[in-house]
Every structure is written in structure tokens, then in C-alpha cells.
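K.L.:
this one's structure only:
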């Protein structure tokens, strides 16, 4: 069985998508449509901007979404997923690729999400850190003992868990977890505490937009971040998407569930190869690759 997976924030790079724009008329049309929907020329930033420009949340999230979704369209007849999933932002890409959402509605929601998250980040200084080399349960228990907002945010793979919260909370947690035996505690260069209670203002703002958007039954199930379970019911998908902003990304569980449900081939659709590497940490025998656009 084939599983298509879609990356999230952090996978971006200057020049992403330019090959699609230059070589595929249908891709160029979608990029130009996106420029009009967004109200600014995101293609100029994606193709020729600076790293700093591309790191702005309001640019990064739509950029990664566009690269992933348009690449999925250019796979054409070869795009026959048995299951899809996306890491955080990538869940929106997955939902457009499997036809649960239209391209236009997906892009509008991603922009709304990015702006809402950026606004939430500005309300209170906050951050994230990657904890390497500890069991998840040790991290979870240690965070409960800290009298600050700091929670598990991304279960990326066994031994790699990202935490999220107030600046003080994350700093205290990093020291506590190093003392508990973590190999490394790496502060991330992010705008704020994604997938934590500090994103509640963004969750409230985005929920209205999601509730008013039409979702369809997709061509295959999507394994959602909040539950790690396969879903094809539009109302459940919407509910999980709303919860996603303040809940952890259960990527480790998603990978294990996809493999248990029969996934043998993992195809990453979008910039980078991070998700392939995470799957290999679960099962080295998996056939993993990056999606390739097909002419004609």
C-alpha cells in the first residue's frame, strides 16, 4: 500500500517550486492563482526571496502548502494514495491532495492559520525545543513537574520529541531533561509555542473559518495529527483540524499506525526529505522516496 506524506513548517528553502513553475503550465496557473488569492506575489519570495523573508509564518506556511499541493497535482495519474498524512501544516496539504478540500479553500485556510498563529505568537513570548534521546514518557512526566506552560508538541520519532511553551518554561524544561539523561536539548528558531495552550487565540480564530468551509469525503483516509487515526468523515476531520493548533502532533503514532495498516511505500510530497528519514527510524525496510512531477 502507498502512503503519501506532506511536510510542515521548517522544510522550506529559497527556490522551492520554481522547477514546477518553469516546466509545467498547469503548475504555473496554480501558482498565479495563489498570488491572486493571497494578495501578494508569494512566487517572488519562494523563488528569489531571502531566507528571512521565507521564514515569516504568513509566507512559510502558504509556500510549503503550495509546493506540496501543486507537486501532488503534477504527479497526475501516478497519484494513487491508499492513505495520506501531513505533519502539522502538512495536514492541510494532505487534505487538498486527497480531495477533502479544494485548492482555493485549502490555501485560504492555510493563510488564515498562519496569520492567526503569528498573532498568537505576538501576545506572549514563547518558543519550542527539540529533546533528543529520551523516552516520551520521561519527557511527559518531567514537564508535569514544571510550574510553567510547557507541553509535548511534536512526537516526531522514537527519541525525538519537541516541547513547546513559555520561554521560561522551555528553558527550565531543557535543563531538567538534560539532567534526566537527554542527549541534546535544542532550542528551535520558531516564532512561538506552536501546538501548545498558548495557541488558544489562534484556535478560536481559525475554528470559525474551518466550520464555514466545505469539506468532502476524500479519495482515501487521512491520518490526523490529533488522534493519529485514519479519518474520512468531513465533520470529524474539521473537529480534529480545529483541535490541532493546541494539541500535539502525534507523528510517531501516525507512522506506526500507517505501517500497521499495511503501508509499504512512503512517498514524501513537498520540499525536503525529513519525513522519509523519520519513517526509516521506525522501519528501515520501508520503500521511501520523494514525489516526482510527470510531464504529459
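P.N.:
Received the coordinates, thanks. Given the structure is predicted, the values throughout are model-derived calculations rather than measurements.
K.L.:
the stretch 151-296 of the chain: strands as residue ranges?
P.N.:
Ranges of strands within the stretch 151-296 of the chain are 160-166, 184-187, 222-223, 230-231, 265-268, 287-290, based on DSSP state E, counting those that start in this stretch.
K.L.:
out of those, nearest to residue 21?
P.N.:
Across the strands of the stretch 151-296 of the chain, residue 21 has its closest neighbour in strand 287-290 (17.9 Å, Cβ to Cβ). C-beta coordinates here come from the backbone N, C-alpha and C atoms, glycine included.
K.L.:
pLDDT of whichever helix in the chain runs longest, averaged?
P.N.:
Ranked by residue count under DSSP state H, the longest helix found in the chain is helix 103-123. Averaging pLDDT along helix 103-123 yields 95.
K.L.:
stretch 46-53 too?
P.N.:
Summarised as a single mean, pLDDT over stretch 46-53 is 94.
K.L.:
any idea how far that stretch is from the chain center?
P.N.:
Stretch 46-53 sits 20 Å away from the centroid of its parent chain (Cα atoms, centre = their mean, to the nearest Å).
K.L.:
from residue 151, how far off is residue 68?
P.N.:
27 Å (Cβ to Cβ, to the nearest Å).
K.L.:
which of the two has more neighbours?
P.N.:
Between residue 68 and residue 151, residue 68 has the larger neighbour count (other Cβ atoms under 10 Å), namely 31 against 21.
K.L.:
contact partners for that one?
P.N.:
Counting by Cβ atoms under 8 Å, 6 or more residues apart in numbering, residue 68 makes contact with 6, 7, 86, 90, 93, 97, 269, 270, 271.
K.L.:
could you do residue 177 as well?
P.N.:
By Cβ under 8 Å, 6+ apart, the contact set of residue 177 is 131, 134, 138, 139, 142, 185.
K.L.:
switch to 10 Å and redo it
P.N.:
Taking Cβ atoms under 10 Å, 6 or more residues apart in numbering, we find residue 177 in contact with 129, 131-134, 138-139, 142-143, 146, 161, 163, 184-185.
K.L.:
so the closest residue to residue 289 other than its chain neighbours bridges to which residues?
P.N.:
Once flanking residues are discounted, residue 289 sits nearest to residue 267: 5.7 Å by Cβ to Cβ, 6 or more residues apart in numbering. As for beta bridges, residue 267 partners with residue 4, residue 289 under DSSP bridges.
K.L.:
enumerate every residue touching residue 267.
P.N.:
Residue 267 touches 2-5, 72, 75, 78-79, 81, 84, 275-276, 287-292, counting by Cβ under 10 Å, 6+ apart.
K.L.:
now it: how far from residue 141?
P.N.:
For residue 267, the distance to residue 141 (Cβ to Cβ) stands at 36 Å.
K.L.:
quick one: secondary structure of residue 85?
P.N.:
Assigned with DSSP: H, G, I helix; E, B strand; the rest coil, residue 85 falls in the strand class.
K.L.:
can you give me the helices in the stretch 151-296 of the chain?
P.N.:
For the stretch 151-296 of the chain, the helices defined by DSSP state H, counting those that start in this stretch cover 167-179, 200-211, 234-244, 251-260, 274-282.
K.L.:
make TSV out of these and add mean pLDDT and distance to residue 112.
P.N.:
Shown next, in TSV, are the helices of the stretch 151-296 of the chain (pLDDT from 0 to 100; distance: least, Cβ to Cβ, whole Å):
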stretch	mean pLDDT	distance to residue 112
helix 167-179	97	26
helix 200-211	96	5
helix 234-244	97	12
helix 251-260	98	23
helix 274-282	95	24
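K.L.:
so which of these gets nearest residue 49?
P.N.:
helix 274-282 (21.4 Å).
K.L.:
which neighbouring elements make contact with that closest one?
P.N.:
Other helices and strands packing on helix 274-282, by 3 or more Cβ pairs under 10 Å, 6 or more residues apart in numbering; DSSP states H and E, are strand 2-6, strand 150-157, helix 251-260, strand 265-268, strand 287-290.
K.L.:
try it again with 7 Å
P.N.:
Counting contacts by 3 or more Cβ pairs under 7 Å, 6 or more residues apart in numbering; DSSP states H and E, helix 274-282 is packed against strand 150-157, helix 251-260, strand 265-268, strand 287-290.
K.L.:
now distance to residue 123 too, for these, in CSV please.
P.N.:
CSV is the format used below for those (distance: least, Cβ to Cβ, whole Å):
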stretch, distance to residue 123
strand 150-157, 17
helix 251-260, 27
strand 265-268, 34
strand 287-290, 37
